[in-house]
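> build me a model:
(chains A, B and C)
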Amino acid sequence: MKHFLSFEDVPDIEKLLDQAIKYKSSPLIDKHIGQGKRIGLLFLNPSLRTRLSTQVAAANLGMEAVVFNVDKEGWALEFEEGAVMSGNTVEHIKDAAPVLGKYFDILAIRTFPGLLHQEEDYCEMYIQQFIKYAGVPVLSLESATLHPLQSFADVITIEEQLTKHAFKRKPKVVLTWAPHIKPLPHCVANSFAQWMTGWGKVDLIITHPKGYELSESFTKGATIEYNQEQALRDADFVYVKNWSTFQPYGKLLEAGSEWMLTGDNWKLTNQAKIMHCLPVRRNVELSDEMLDSPFSLVTEQAANRVWSAQAVIAEMLKEFNK
Amino acid sequence: MKHFLSFEDVPDIEKLLDQAIKYKSSPLIDKHIGQGKRIGLLFLNPSLRTRLSTQVAAANLGMEAVVFNVDKEGWALEFEEGAVMSGNTVEHIKDAAPVLGKYFDILAIRTFPGLLHQEEDYCEMYIQQFIKYAGVPVLSLESATLHPLQSFADVITIEEQLTKHAFKRKPKVVLTWAPHIKPLPHCVANSFAQWMTGWGKVDLIITHPKGYELSESFTKGATIEYNQEQALRDADFVYVKNWSTFQPYGKLLEAGSEWMLTGDNWKLTNQAKIMHCLPVRRNVELSDEMLDSPFSLVTEQAANRVWSAQAVIAEMLKEFNK
Amino acid sequence: MKHFLSFEDVPDIEKLLDQAIKYKSSPLIDKHIGQGKRIGLLFLNPSLRTRLSTQVAAANLGMEAVVFNVDKEGWALEFEEGAVMSGNTVEHIKDAAPVLGKYFDILAIRTFPGLLHQEEDYCEMYIQQFIKYAGVPVLSLESATLHPLQSFADVITIEEQLTKHAFKRKPKVVLTWAPHIKPLPHCVANSFAQWMTGWGKVDLIITHPKGYELSESFTKGATIEYNQEQALRDADFVYVKNWSTFQPYGKLLEAGSEWMLTGDNWKLTNQAKIMHCLPVRRNVELSDEMLDSPFSLVTEQAANRVWSAQAVIAEMLKEFNK
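Numbering: from 1, shown residues only, chains lettered A, B, ... in the order given. So this is what the prediction gives:
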């Protein structure tokens, strides 16, 4: 695995999952494999879980991790080819990335979509330019369309439940759209769909109001159900997440406030475990009752971010010994 | 000592003081005791001395310290139970704290009082919620009402003087209110009063203009004297600090500009050592003459922050081996 | 070498250069010499290359590096002697610096000129006050008038070329002024002039529009040529950099947009290598064609910042064993 941007970069999900679970029980067994290697964690957007979990994961592997908040400690980067830089951007990615590639063995990068131009976001312009110009392996800490370390942590979290509880049938996982106060990226939803369908150990149903259809490139293999009640019926896991519209791009529609997950609609499920990637707006996306219930897995998901990152970085480190 | 928020958490002040003084002469004698332990330093407010001294202290104990400026690198946290989060706060403490507790062995947290609602501040809502939800030991790097690592550093600083100079009587320590340009928290004053009276090796006199009475819960055991000249007479130590009113809450009164400590009123003292927790507004709280004099202990106080933090963290680490 | 602010602090440039080149081929040969030493990297201004390269350099020497963004994580410092601090500044350098000197063995500091008062900037008030009050060695990460670690990296970069390619005559190095959208400091230009003339292995020609004359205290020994075409003719290296006027101080003049380096004027050179300290505004200072050409050394320069910093810090560490 050279770069890690998506489920498609994973050669063997079951092997990676085993590795992550091994790390969870013995965090320091591979303390030596990152010795002398340096990972740069670049944030073009704020982050709590992603930053801290990746930093912990790198330390567990003996790597030196250096955090750099580009948006706050640095300056605005330019990504447009041929730009005449007489405006607000101070440095072009073509100049910044090669330098970063000289300082670090692996570059981990968080960017967000602008949510203004679908094509620009969906070609993953930002992170692809880092790959093009940095000359070192690139690890996505969330990009314009995907959040792979989150989704892998979600896989780990579900796998732990499958191990703990006997499931007689393929578990039913529902990704349900939730209300929010502003238009959010599609990353978590796209990525969760990609990993669930790719993993193949669960049935994925996606439910959302009409108009919130996600890109089919990520949802193929999942069932789309516009009726939330229908979707929730007998669900074993409910993943709650807001996203903005894909077509037209990046909007909030009027409808949908009744889509919040509460005890009322949760009752339809098979005592489903409740998932969310955090941060969550309480009593907007999910009710307190849900988040404070013993069925909530949200802390476990966030905790599993460490093992997700650690397994992926370990896999990337192997490339250096080839 | 599980959590450390106040003098009341210290089982034995003399023992803790010995430990701090031992660390000052041999910073690395306990380099091993924090190995494999991770401390998160969370700042909801800016900090210079507190951040750097705690980072150094943790490193001296072999711990990995991770700094996270919640206010700048993260986002606004919600602390209100049952809040409908459709406003500016992005994540509830009930969701953030348990996750942080998964990433760190000890959480060190700096918060400030809002100075708007006395009850909210004085019940230490912020830091108490971290304790309630994080599930790991919490170390206060200053809270709404107290600044315990500062006060312990002040104890160390005074103890060093007591050792160096023979005092024939119980030393007279004066905490004097000082002018400032804006309403400040009571933390340093409350905390200093609590530690001085609790320690018991000095006599504490608190002097301030009428209207600046502090909460009696912290000042009991100290003498209150409204006449600054009277208070300063024969003082051995003068601790200078501004605070806003307690009743009504968080205000600046008109009076008081003549309370600045200068050579003029200092002359009344017994060549008192001059203390301040820094940052200090020169020629507002204290004159240059005072700060630049050989009687000033302000740098020593700040330097002692390292040993204060190191002794406290070492004490907290012992809990892991019980 | 106690402090490092300028070429004048270097006892033997050839020896320092050898050391840097040795570190480039074997980064970790002196991994032990910084053990137990702590360097504080203080930024009063944003930084990417300087921060990361110095952090990497310190780590290569086994030092603990602590980054502190004074402008973002701390508060505004006061530098004026005798100031009545009733305004925006929160802490005086006279109080902050001694404390920082207690926490760190070496203080590395980046400041910028205000570009308002020539005398204040050119007496290096900020960094000199850190030296005066901190009581520990101070390393400049760029000051009001100079950028010594950059210039040393430039020397390394040119030396590598001299080693790689046989030069029959003393190489001709041209420092050319370039257009920019706002008035910039003189640091890089001053410093480059000082190091090139001090090093003595090249001929330095400085070219700029009339009115952009730099301070003679740094340019003496260089040839000033107002005609850019004339200057570029047969150049072996072209260093491109904007700076504001020195007299009157800190202004942008109307003229100069035709001074951008492009394929057209570069053709006059002896296939000159192209240099710039980054960040660079593409198609304002330099054309894409130039920056993307095989003649560009800009990434190498930035990469050499690590070895520049590492050699200098290693030299400073020697003082501790004297």
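
> who's in contact with A:A134?
A:97-98, A:100-101, A:107 (CB atoms under 8 Å, 6 or more residues apart in numbering or on different chains). (Glycine included, C-beta is placed from N, CA and C.)

> columns neighbour count on top of these, output as TSV?
Below are the contacts of A:A134 laid out as TSV (neighbours: other CB atoms under 10 Å in any protein chain shown):
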residue	neighbour count
A:A97	25
A:P98	19
A:L100	24
A:G101	21
A:L107	24
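
> tell me how many other residues crowd the residue in the stretch 101-250 of chain A positioned nearest to chain C.
Nearest residue of the stretch 101-250 of chain A to chain C: A:K102, at 3.8 Å (CB to the nearest CB). Look at A:K102: counted by other CB atoms under 10 Å in any protein chain shown, it has 21 neighbours.

> where's it, which helix or strand?
Following DSSP states H and E, the helix or strand that holds A:K102 is helix A:93-103.

> how distant is that helix from the center of its chain?
Relative to the centre of its chain, helix A:93-103 is centred 25 Å away, using CA atoms, centre = their mean, to the nearest Å.

> CA atoms of it as PDB?
Presented in PDB, the C-alpha positions along helix A:93-103 are these (Å, rounded to 0.1, in the frame of the first residue of the first chain):
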ATOM      1  CA  ILE A  93       1.100  23.400  -3.900                       C
ATOM      2  CA  LYS A  94       3.700  22.800  -6.600                       C
ATOM      3  CA  ASP A  95       6.200  24.500  -4.400                       C
ATOM      4  CA  ALA A  96       5.000  23.500  -1.000                       C
ATOM      5  CA  ALA A  97       4.500  19.800  -1.600                       C
ATOM      6  CA  PRO A  98       8.000  18.900  -2.800                       C
ATOM      7  CA  VAL A  99       9.500  20.600   0.200                       C
ATOM      8  CA  LEU A 100       7.200  18.800   2.600                       C
ATOM      9  CA  GLY A 101       8.200  15.600   0.800                       C
ATOM     10  CA  LYS A 102      11.800  16.400   1.700                       C
ATOM     11  CA  TYR A 103      11.000  16.800   5.400                       C
END
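
> I'd like to know which elements it is packed against.
With contacts taken as 3 or more CB pairs under 8 Å, 6 or more residues apart in numbering or on different chains; DSSP states H and E, helix A:93-103 sits against strand A:38-43, strand A:77-78, strand A:106-110, helix A:125-134, helix C:49-60, helix C:298-318.

> direction included, what does the shortest one pair against?
Translated: strand A:77-78. strand A:91-92 (parallel) (DSSP bridges).

> so which elements touch the helix or strand of chain A with the lowest mean pLDDT?
Lowest on mean pLDDT, DSSP states H and E among the helices and strands of chain A sits helix A:70-73, with a mean of 80. Helices and strands touching helix A:70-73, by 3+ CB pairs under 8 Å, 6+ apart, are strand A:38-43.

> can you pull the residues of the stretch 1-150 of chain A lying near chain B?
Taking CB under 8 Å from any CB of the partner chain as the contact definition, the stretch 1-150 of chain A meets chain B at A:28, A:43, A:46-49, A:51-53, A:55-56, A:59, A:69, A:72.

> now those residues as TSV including distance to B:H3 and neighbour count?
Putting these into TSV (distance: CB to CB, whole Å; neighbours: other CB atoms under 10 Å in any protein chain shown) gives the following:
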residue	distance to B:H3	neighbour count
A:L28	27	12
A:F43	31	23
A:P46	28	18
A:S47	27	21
A:L48	22	23
A:R49	24	25
A:R51	25	22
A:L52	21	25
A:S53	24	27
A:Q55	24	24
A:V56	22	23
A:A59	25	21
A:N69	30	21
A:K72	31	16
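
> pLDDT value on the nearest residue to A:T50 once chain neighbours are set aside, please?
In space, A:T50 comes closest to A:L141 once its chain neighbours are excluded; the distance is 5.0 Å by CB to CB, 6 or more residues apart in numbering or on different chains. Note for A:L141: predicted pLDDT of 98.

> now A:S257
Per the predicted model, pLDDT is 88 at A:S257.

> and for the one 10 residues further on?
A:K267 is assigned 98 on the pLDDT scale.

> do a quick rundown of the helices in the stretch 201-322 of chain A.
A:216-219, A:228-232, A:263-266, A:288-291, A:298-303, A:305-318 (DSSP state H, counting those that start in this stretch).

> residues contacting the residue nearest to A:V67 when sequence neighbours are not counted?
Spatially, and ignoring its direct neighbours in sequence, A:V67 is nearest to A:L41 (4.7 Å; CB to CB, 6+ apart). A:L41 is in contact with A:51, A:54-55, A:58, A:65-68, A:108, A:141, counting by CB under 8 Å, 6+ apart.
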